[in-house]
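Asks: Whatever this is, show me its structure:
(chains A and B)
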Amino acid sequence: MDDIEIIRQRIKHKQPSYNIKEKIFKNIKVNKLFSKILVSIIMFLSLSITVKLYPNSKEFIYKNVFEKNFSFAYVNKLYNKYFGEVLPVKNIFKEETKAVFKENLVYSNNEKYLDGVKLSVTENYLIPVIESGMVVFIGEKEGYGNTVIIQQINGIDTWYGNVNTTNVKLYEYIEKGSLLGEGSNNLYLVFKKDGEVLDYNEYIK
Amino acid sequence: MNILNKINIHITTYTILLLSILTGQFRILMFIMILIIIHEAGHILAAKLFNWKINKINILPFGGNINFDIKLNESIKKEAIVIIMGPIFQIIGTLILINLPIVSYKEIIEIKNISYSLILFNLIPIVPLDGSKLLFLTLNNITSYKKSHIYLIYISIILSVIIIINNYLNFTFQIILFFLIYKIYEQYKNHNNIINKFILERYLYKQSRGKLKKINGLNPKLMWRNKTNIFIHNNKCITEKELLNNYFKNKKIY
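Replies: This is a model prediction of the structure:
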C-alpha cells in the first residue's frame, strides 16, 4: 500500500497530480465527502417532512427510541437456553454468602404512591429482589429518592425507591430473592413494561 | 504509536463481543478485555527485552496471539520466557485488580473466576494457544524438530476432540474450536515447508553452539533445535555445516 501513502502525501501538500491513478483518487476523496453531506441532508429533510405530515410518527419515534427498553435480561435468558453462555467462565471461586439471604417481600401496609405503591417496612429493612434480572439504573429519581431499576427476565422493569445502601452494581445480574440493599420505613415500588405503568397489585404478592 | 498499527482484532472476537453486548454481559466483558490486554502486555514486554520485532498482535476471544519476527531456531529459553510472561503478568494484574479499593466482594470473585478460566484455557496444549508453544519447546528438547512438530499436531487434535466432546453445546466454544481446528490444519498443511525453513535457516545463519547431538544417517530433517548436530554414517562423523553444504550447494539428496 505504499503508493497510496505517497498519493495521500501529495494531496496533503497540494502537489499536482502526476498520473491518472492520482487524479481518480483525488476525485474519489472529494466525492466521498460530498456524498456524505448529501446523505445527511436527505436524512434530515425526510425525517422533518415525515414528522410534519404525520404528527403521530413523532410519538411513535419517541416511544420506540427513548422509552422502550432493549431487554438484555430476556435476550440473555433466551440465548443461554439455546446456545449456552456467551462467555463461558468457570465458576471455581464461589460467593460464600450466597446461600444466606433468600427472602420474599415482607411489608405491613401498602398504599398507592405516584406511579406505583408505597410499602411500609421495618426500620433497616433488607430488601430482597423480586425477580431475577439486570440492574440498569442506580441513582436519584424525582419523588422516589435513591432508586434502583431492575430489568427483569420477564420483560418488566421494577423500580425500587427510597433505598439507602445498595448491594448491587450497575449492569450486574442478580438472582431472585437475593439482597438488593437496605431501606427503612417506606419502600416505593413501580412496575413498568415498555414504558407503560402496570398495576402494582399483581406483583407485590 | 507504532504498536497500535499492529493490532488486529479477529472476526471471532467481534462476534463474541457483539453477542456479549446483546446479552448485557458488560461487566464480564470489561474484565476479560482488561485481563487480555495485561496478558499480551506481558508477552510484549519480554519480547522487547530481547529486542524481538513484533509483526502482528492478534486479539482473540480468549486471549491473543503475537507474531514475532524471529527465527525458527530461536533460543528455546528466550522463547519460553516470552511465553510464560503472559500468564505471569496476568496473575500479577489479577492480584492488583482484586486489591483495589473500588472493587466489591462480588467483583473480586468475578475477576478471579475470569482470570482463572482465561489462564487455564490458554495453557491447554492446542495450537495456537500459549500452552501449545510451551509443549513445542519441551518437545524440542527431547526429540528432533520434525518429530516435535508432528507430535504437537497429534496432541492438538486429540485434545481438541476431548474439548469438543465436553463443550459441544456451547456456541462460543464451537466458534473457538472451529478456529483452533483451522489453525491445526494450517500447521498440518505447512509441515514440510516449516521443516525446510528450519533446515535452510541452519544453513544460512550461524547457529550458536549447543549440546552435542548424534544423528544416525545423513538426513538433515532429523536435526534438533538449539543443539550441535553431528551426523554419523559408515563410522564417519560429518558436521552439520558440511552436510548442509552438500545438501544445498552440491544438491546431494539423502
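Asks: Going by C-alpha atoms from here, please, whenever you check contacts or count neighbours.
Replies: OK.
Asks: Residue numbers of the stretch 101-250 of chain B in contact with chain A?
Replies: Proximity of the stretch 101-250 of chain B to chain A, by CA under 8 Å from any CA of the partner chain, involves residues B:106, B:109, B:112-114, B:116-117, B:169-172.
Asks: separation between the residue of the stretch 151-254 of chain B found nearest chain A and B:Ile21?
Replies: Of all residues in the stretch 151-254 of chain B, B:Asn170 sits closest to chain A, at 4.6 Å by CA to the nearest CA. Remark: distance between B:Asn170 and B:Ile21 (CA to CA, to the nearest Å) = 17 Å.
Asks: so does the lowest-mean-pLDDT helix or strand in chain A get close to chain B?
Replies: Of all helical and strand segments in chain A, the minimum by mean pLDDT, DSSP states H and E falls on helix A:2-12, at a mean of 72. No: on the criterion CA under 8 Å from any CA, helix A:2-12 is out of touch with chain B, staying 14.7 Å away.
Asks: how deep is residue 70 tucked in, by neighbour count?
Replies: Using chain A. By the criterion of other CA atoms under 10 Å in any protein chain shown, A:Phe70 has 15 neighbours.
Asks: I was thinking of chain B, sorry if that wasn't clear
Replies: B:Ile70 - counted by other CA under 10 Å - has 13 other residues nearby.
Asks: try A:Val168
Replies: A:Val168: 19 neighbours (other CA under 10 Å).
Asks: That one belongs to a strand?
Replies: No: assessed with DSSP: H, G, I helix; E, B strand; the rest coil, A:Val168 is coil; it does not lie in a strand.
Asks: And what about the residue nearest to it when sequence neighbours are not counted, helix, strand or coil?
Replies: Leaving aside its sequence neighbours, A:Val168 sits nearest to A:Leu180 (CA to CA, 6 or more residues apart in numbering or on different chains; 6.2 Å). Judged by three-state DSSP, the three-state class of A:Leu180 is strand.
Asks: ok, how many other residues are close to A:Leu180?
Replies: Number of residues near A:Leu180 (other CA under 10 Å) recorded here: 24.
Asks: for B:Phe231, same thing?
Replies: B:Phe231 has 22 nearby residues by other CA under 10 Å.
Asks: I'd like the distance between it and A:Leu53.
Replies: B:Phe231 is 90 Å from A:Leu53, where distance means CA to CA.
Asks: Repeat that for A:Lys192.
Replies: From A:Lys192 to A:Leu53 the distance is 31 Å (CA to CA).
Asks: Equivalent analysis for B:Ser148, please.
Replies: Taking CA to CA, one finds B:Ser148 at 74 Å from A:Leu53.
Asks: Looking at those two, which has the bigger crowd around it?
Replies: Ranked by neighbour count (other CA under 10 Å), B:Ser148 and A:Leu53 place B:Ser148 first, with 21 against 9.
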